[in-house]
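Peer 1: Could you look at this predicted model? Sequence included:
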Amino acid sequence: MKLLMIVVDSECREELEVLFKRLGVSGYTEIPEVHGVGDTGIRMGSGAFPATSSLFFTVVEADKVQELKETLSSFCGTYERHFKMIQWGVEEIV
């Protein structure tokens, strides 16, 4: 199993939720507005830097990661949105 951390432009958070449902991702945790600085610039949700990101965590089977990455990459590329996806190997202990 893989734990995914996905950071997306806040404007496409609803689309990511739809994508999860379409791909059978049954659970996730969302932090709707996160602030920070990275490759896409300063995202502080302020007057000077109005952009924000959304942060999602989900656990999926390893064979779902590539499909999720490709689908999200296609969507974000089409609409000129940014995302980052980080994965960790995990195992359920309870």
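Peer 2: Thanks, I have the structure now. Numbering: from 1, shown residues only.
Peer 1: Enumerate the beta-bridge partners assigned to residue 2.
Peer 2: Note on residue 2: beta-bridge partners by DSSP bridges are residue 60, residue 89.
Peer 1: likewise the one 4 residues further on?
Peer 2: Assessed by DSSP bridges, residue 6 has beta-bridge partners residue 56, residue 85.
Peer 1: change the start of the numbering to 24 and stick with it
Peer 2: All set: I'll call the first residue 24, so the last point we hit is now residue 29.
Peer 1: and the longest helix for this structure?
Peer 2: The longest helix of the chain (DSSP state H) is helix 85-101.
Peer 1: mind listing what's buried in that one?
Peer 2: Neighbour-count burial for helix 85-101 flags 87, 91, 95, 98-99 (criterion: 16 or more other C-beta atoms under 10 Å). (Each C-beta comes from the backbone N, C-alpha and C, glycine too.)
Peer 1: Next: stretch 69-87.
Peer 2: 74-79, 81-83, 87.
Peer 1: any idea which of the residues you listed is the one closest to residue 44?
Peer 2: residue 81 (11.8 Å; C-beta to C-beta).
Peer 1: close enough to count as contact, residue 38 and residue 94?
Peer 2: No - the pair residue 38 / residue 94 is not scored as a contact, 10.4 Å apart, by C-beta atoms under 8 Å.
Peer 1: Dihedrals phi and psi, residue 67?
Peer 2: Here is the backbone geometry of residue 67 (degrees, to the nearest 10): phi -120, psi -10.
Peer 1: residues near the spatially closest residue to it that is not a sequence neighbour, how many?
Peer 2: In space, and not counting its chain neighbours, residue 67 is closest to residue 58: 4.8 Å by C-beta to C-beta, 6 or more residues apart in numbering. Residues within reach of residue 58, counting by other C-beta atoms under 10 Å, total 13.
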